[in-house]
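# here is a sequence with its predicted model. Questions after.
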Amino acid sequence: MGAVPKGNATKEYIESLQLKPGQVVYKCPKCCSIKPDRAHHCSVCKRCIRKMDHHCPWVNNCVGENNQKYFVLFTMYIALLSLHTLVMVVFHFLYCFEDDWTKCSSFSPPTTVILLILLCFEGLLFLIFTSVMFGTQVHSICTDETGIERLKGETGKWLKVPCWEAVQMAFGGPFSLSWCSPFTGLSCKKSPPEHVTIPQGEIIEEDVIEIPLN
Ligand SMILES: [Zn+2]
Ligand SMILES: [Zn+2]
């Protein structure tokens with residue numbers, strides 16, 4: 001999801017970054033990590049997430065740099081499934097009418113109608129919800145601006161990538177069929193140090209760490 005290692009704001013780690021004099025790095029006061037650009041702290045996950053879009057309670061995880069593709073696919077496939085369900089419900093209704101409710105269902109006609117209405121309601125609910133989520137995610141990727149950044153009005157703090165390039169970055173490489181598969185990784189993307197060992201040492205106290213000019 002783009003998680004930043006917790007508690008890496010140590011003297012040793014900052015020295016290992018070999019920052020130039022005068023350069024400024026930010027420390028997250030909540031999880032004691034060095035905050036990369038465009039990272040935000042999630043109070044549910046209790047850590048900083050690169051390009052965090054939002055915390056999704058439905059999947060109980062943050063949607064950020066490394067899992068946005070999977071979230072987009074998840075919402076898209078649920079929306080398509082819901083649409084499929086609605087079409088099937090309509091066809092079943094029509095079939096029942098033509099059939100005078102004799103063979104179309106093993107339930108009584110009133111029960112069948114209630115079940116079809118419930119299914120219709122459920123399908124519509126999920127179709128609307130997931131297609132709105134899908135739309136906002138694609139919009140976020142295309143405009144190279146996460147939901148949080150839009151909310152906080154942080155636009156303009158980074159150089160925006162053109163739409164198609166941003167989509168390729170989110171989906172991990174040039175267009176291929178693997179874009180549609182939730183089982184393929186973001187292969188073309190260089191894997192960020194997600195599981196680096198946390199350097200042990202003294203945690204630096206300031207929230208803004210400026211490398212002194214020598
Ligand atoms: Zn944090
Ligand atoms: Zn989270």
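Arrived safely. Ligands and ions are numbered 1, 2, ... in the order given.
# next helix or strand past the helix ranked longest in the chain?
The residue-count maximum for a helix in the chain (DSSP state H) belongs to helix 109-142. Going down the chain from helix 109-142, the next helix or strand is helix 147-152, by DSSP states H and E.
# with only the CA atoms kept, save that next one in CSV.
What follows is helix 147-152, C-alpha atoms only, in CSV (Å, rounded to 0.1, in the frame of the first residue of the first chain):
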residue,chain,number,x,y,z
GLY,A,147,-8.2,12.3,-2.2
ILE,A,148,-6.4,13.5,0.9
GLU,A,149,-4.4,16.1,-1.1
ARG,A,150,-7.6,17.4,-2.7
LEU,A,151,-9.2,17.5,0.7
LYS,A,152,-6.3,19.4,2.3
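# next structured bit after that helix?
helix 163-170.
# so what's the gap between that following helix and the chain middle?
Remark: helix 163-170 is offset 14 Å from the chain centroid, using C-alpha atoms, centre = their mean, to the nearest Å.
# for that helix, which positions count as buried?
For helix 163-170, a neighbour-count test (16 or more other C-beta atoms under 10 Å) marks 166, 167, 168, 169, 170 as buried. For every residue, glycine as well, the C-beta is placed using N, CA and C.
# what's next to the next helix or strand along the chain from it, contact-wise?
Moving toward the C-terminus from helix 163-170, the next helix or strand (DSSP H and E) is strand 208-210. Residues from elsewhere that reach strand 208-210, judged by C-beta atoms under 8 Å, 6 or more residues apart in numbering: 9, 14, 22, 23, 24, 25, 26, 27, 34.
# roughly how far apart are residue 144 and ligand 1?
22 Å (C-beta to the ion, to the nearest Å).
# tally of neighbours for that residue?
21 (other C-beta atoms under 10 Å).
# show me what contacts the closest residue to residue 179 other than its chain neighbours?
Excluding its sequence neighbours, the residue lying closest to residue 179 (C-beta to C-beta, 6 or more residues apart in numbering) is residue 171, at 4.8 Å. By C-beta under 8 Å, 6+ apart, the contact list for residue 171 reads 69, 179, 186.
# need the phi and psi values for residue 171.
phi -100, psi 0 (degrees, to the nearest 10).
# beta-bridge partners for the residue nearest the centre of the chain, please?
The chain has residue 63 as the residue nearest its centroid, 2.6 Å off, counting by C-alpha atoms, centre = their mean. Residue 63 has these beta-bridge partners by DSSP bridges: residue 54.
# leaving out sequence neighbours, find the closest residue to residue 107.
Closest to residue 107 by C-beta to C-beta, 6+ apart is residue 115, at 6.8 Å.
# count of residues packed around residue 108?
Quick note: residue 108 (other C-beta under 10 Å) scores 10 neighbours.
# nope, residue 158 is what I meant
12.
# wait, doesn't it sit right on residue 51?
No: with contact defined as C-beta atoms under 8 Å, residue 158 does not count as touching residue 51 (10.1 Å).
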